[in-house]
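Chemist: Build me a structure from this.
(one chain, ligands or ions: 2)
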Amino acid sequence: MQPSEFFVGSIDQGTTSTRFLIFNRDGEPVASHQVEFSQIYPNPGWHEHDPLELVYSVETCIDHAVREFEEKGFSRSNIKCVGITNQRETTVVWDHESGEPLNNAIVWTDTRSQAIVTELKQRPDASKLQAICGLPLSTYSSSTKLLWMLAHVPKVKEAFDRGTLAFGTVDSWLVYRLNGVRANVFVSDSTNASRTMFMSLHSLQYDDTLLDFFGIKGKIHLPRIVPSSDSHAYGSIVSGALEGVPIMGCLGDQSSALVGQKGFSPGMAKNTYGTGCFLLYNVGEKPVISTHGLLATVAYNFGGKAVYALEGSIAVAGSGVKFLQNNLAFFQDSKEVNDLALSVEDNGGCVFVTAFSGLFAPYWIDDAKGTIFGITQYTQKGHIARATLEATCFQTKAILDAMEKDSGKTLSELAVDGGMSNSDLAMQTQADLISIPVYRPKMRETTALGAAIAAGLAAGLWRNFAELRDINRVGGVVFEPRITREESAKKFGEWEKAVQMSRGWIGAEKNAQDSVPNGAQKWPNGTSVYPADNRDLSAPKPLPKQSQSPLISDVVAGSNTGTTFKVKAWTASGDLDFQPAKVPTVSISGDLEDADEEDLFLELRKVEILQKLKKLRKLKLSYY
Ligand SMILES: Nc1ncnc2c1ncn2[C@@H]1O[C@H](COP(=O)(O)OP(=O)(O)O)[C@@H](O)[C@H]1O
Ligand SMILES: O=P(O)(O)OC[C@H](O)CO
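Modeler: Ligands and ions are numbered 1, 2, ... in the order given. All right, here's what the predicted structure looks like:
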């Protein structure tokens, strides 16, 4: 087979959706599929994903994309390898023996560990951590999410005591499950591991000082840290349309976007506007520990040699747009935000500090809350839409200023990608505010492309970076700044004022009360803020009114009898104790009737159909 006949698959498991794309050697996607999955918000500030639903979403996307690939006349046997890229920090725990998840994954945006963070910050040794791992103590990294689960979820604590608790970020979880539990392939790539606070940036391995600090040394199964591009470490897919195909690349999604943008030289940067927004600046082969509110992270690790980046992380970008759509019903589809914002000339005096998870870089204000300033009778939806887009652009400006201070260098152009970069207005605003051109490539699936490159390099599809040069090179758009630096500085001054005013709305005591139940105990490392009253806080509270529908906690059996689905389910009606109550078999027909039996049976296992069932029966399905 000639290299030109090879294809590489890429799993992109993001915060709000999962995709699978199949790239040819020219880096063009030839087939793809995308599904959204449940976003679970059990309490204010909490954000969870069902780990099994993440796996099913991946399997669904692979099946559909491979089908499309074959319908276009290609053969699946030409897909030589697969890469994985994923949302980072999101914390998954499972039983190392059974492979079953022990809790919903706590998503990177989740702020429930705030009281733990506050307590940990007071320890004298806390100041040493950032020099080792590159990250400040915050609710963002995996470490405090894991500590929260150890303290609040009995099942997790029991597994910890038994010595069977496995921890991983989403990359580890997917690799583990895609290989089949019995294979026990338990690894993480360095870019993902660098987001846990457990890995030293210098050794690229777990660090005893860090593990001791968090009280988990020797007590938890941690994935082996391996390079981002490796022909053996990640095993191969055990079943489904790509059975037997090896996984050869793995990168956290922001690192992957940098690779997909081919930011291989020091001084190159990219900004990805997805759910959040993340600016990565390549600093070369030595980490730069920021003194201006940025993170130091592994950009990629090809061939065991790491390249590092300075990172500016913004918690809310596209999720601000989704907030306007889902919570305020401003429009039906994210892409409409652009026209709504264009319906007015400017922000009409509104500044929206979208601090839904506090403020991340470069501010790191844990207690900031989402706040809109400047509302008058004049304010229209369009003004708020503009202010929402501007919020991410202002934070990007603050990050670039910090980056210049840390690196001593000025960026000449910013490469962008991610869902929100589709908004021309947002990108024009960005160029205006940072006073340098913004370059948006034609093919914007750069995150997926990065993982494909990582895998393709290991498989020999490409032999070196030079062979990647022509990928996605033409057809991009450049947004040139259209306002003066003085005008930009004036707008930015207003934003900075708003940031300062967004803090302290709810006092520290209230925040602590929210996060810490009475009677704290010491666990697991001498920190005393954790709970003690044996309440399982992982159990959901009643759902908000609009989603007040029965909850299926587990679909225990399913079969296809002709044109009718039968799904036996255990439900709970949203009550506090979440005790399962058996319900009779639910028969579901409707728009599934036309599907042929084989398809139907295949689909029964998939999230997509579960979501259809959910719509038909108004049920929320956790997993099958
Ligand atoms: N045309 C658009 N204009 C503005 N925002 C958009 C547009 N399309 C998608 N988005 C936003 O981008 C986000 C999805 O981007 P994506 O890169 O897929 O994110 P993720 O990988 O985090 O799931 C959503 O939050 C959505 O609101
Ligand atoms: O899902 P995204 O694209 O917003 O990325 C999430 C980040 O990896 C979180 O650090």
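Chemist: all contacts plus neighbour counts: C-alpha atoms, from now on.
Modeler: Noted.
Chemist: ok, the nearest residue to residue 298 once chain neighbours are set aside - contacts?
Modeler: In space, and not counting its chain neighbours, residue 298 is closest to residue 308: 4.5 Å by CA to CA, 6 or more residues apart in numbering. Taking CA atoms under 8 Å, 6 or more residues apart in numbering, we find residue 308 in contact with 282-288, 296-300.
Chemist: what's the most distant pair in the residues you listed?
Modeler: Using CA to CA, those span at most 14.7 Å, a distance reached by 288 and 300.
Chemist: These two - which one has more neighbours?
Modeler: Set side by side, residue 288 and residue 300 show more neighbours around residue 300, with 31 against 21, by other CA atoms under 10 Å.
Chemist: and the more buried one, what is it in contact with?
Modeler: 190-191, 228, 251, 255-256, 259, 306-308.
Chemist: do the same with residue 417
Modeler: Counting by CA under 8 Å, 6+ apart, residue 417 has contacts 257, 270-273, 440-441, 444-446.
Chemist: Kindly report the same for residue 423.
Modeler: Residue 423 sits in contact with 335, 337-338, where contact means CA under 8 Å, 6+ apart.
Chemist: Which of the residues you listed sits closest to ligand 1?
Modeler: residue 335 (3.3 Å; CA to the nearest ligand atom).
Chemist: Spatially nearest residue to that closest one (excluding sequence neighbours)?
Modeler: Per CA to CA, 6+ apart, closest to residue 335 is residue 423, 7.1 Å.
Chemist: how far away is the one you found from residue 439?
Modeler: According to CA to CA, to the nearest Å, residue 423 stands 13 Å off from residue 439.
Chemist: Please list the members of the contacts of residue 423 that lie in helices.
Modeler: Mapping the contacts of residue 423 onto helices (DSSP state H) picks out 337-338.
Chemist: Now rank the contacts of residue 423 by neighbours and give me the top one.
Modeler: Neighbour max across those (other CA under 10 Å) = residue 337, 27 neighbours.
Chemist: picking up where we left off before, dump the contacts of residue 308 into CSV; add pLDDT as well.
Modeler: Shown next, in CSV, are those (pLDDT from 0 to 100):
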residue, pLDDT
282, 94
283, 93
284, 94
285, 94
286, 94
287, 94
288, 93
296, 96
297, 97
298, 97
299, 97
300, 97
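Chemist: Sort out which of those are in strands and list them.
Modeler: Of the contacts of residue 308, the ones assigned to strands by DSSP state E are 282-284, 296-300.
Chemist: Now for residue 200: which residues touch it?
Modeler: By CA under 8 Å, 6+ apart, the neighbours of residue 200 are 132-133, 194, 206-207.
Chemist: Go again with 7 Å.
Modeler: The neighbours of residue 200, taking CA atoms under 7 Å, 6 or more residues apart in numbering as the test, are 132-133, 206-207.
Chemist: Show me the strands in the stretch 1-150 of the chain, by range?
Modeler: Using DSSP state E, counting those that start in this stretch, the strands of the stretch 1-150 of the chain run over 7-13, 17-23, 29-36, 48-49, 79-86, 91-95, 105-106.
Chemist: Give the closest residue to the most centrally placed residue in the chain in space, chain neighbours not counted.
Modeler: With distances taken as CA atoms, centre = their mean, the chain has residue 87 as the residue nearest its mean C-alpha position (2.6 Å). Excluding its sequence neighbours, the residue lying closest to residue 87 (CA to CA, 6+ apart) is residue 14, at 4.9 Å.
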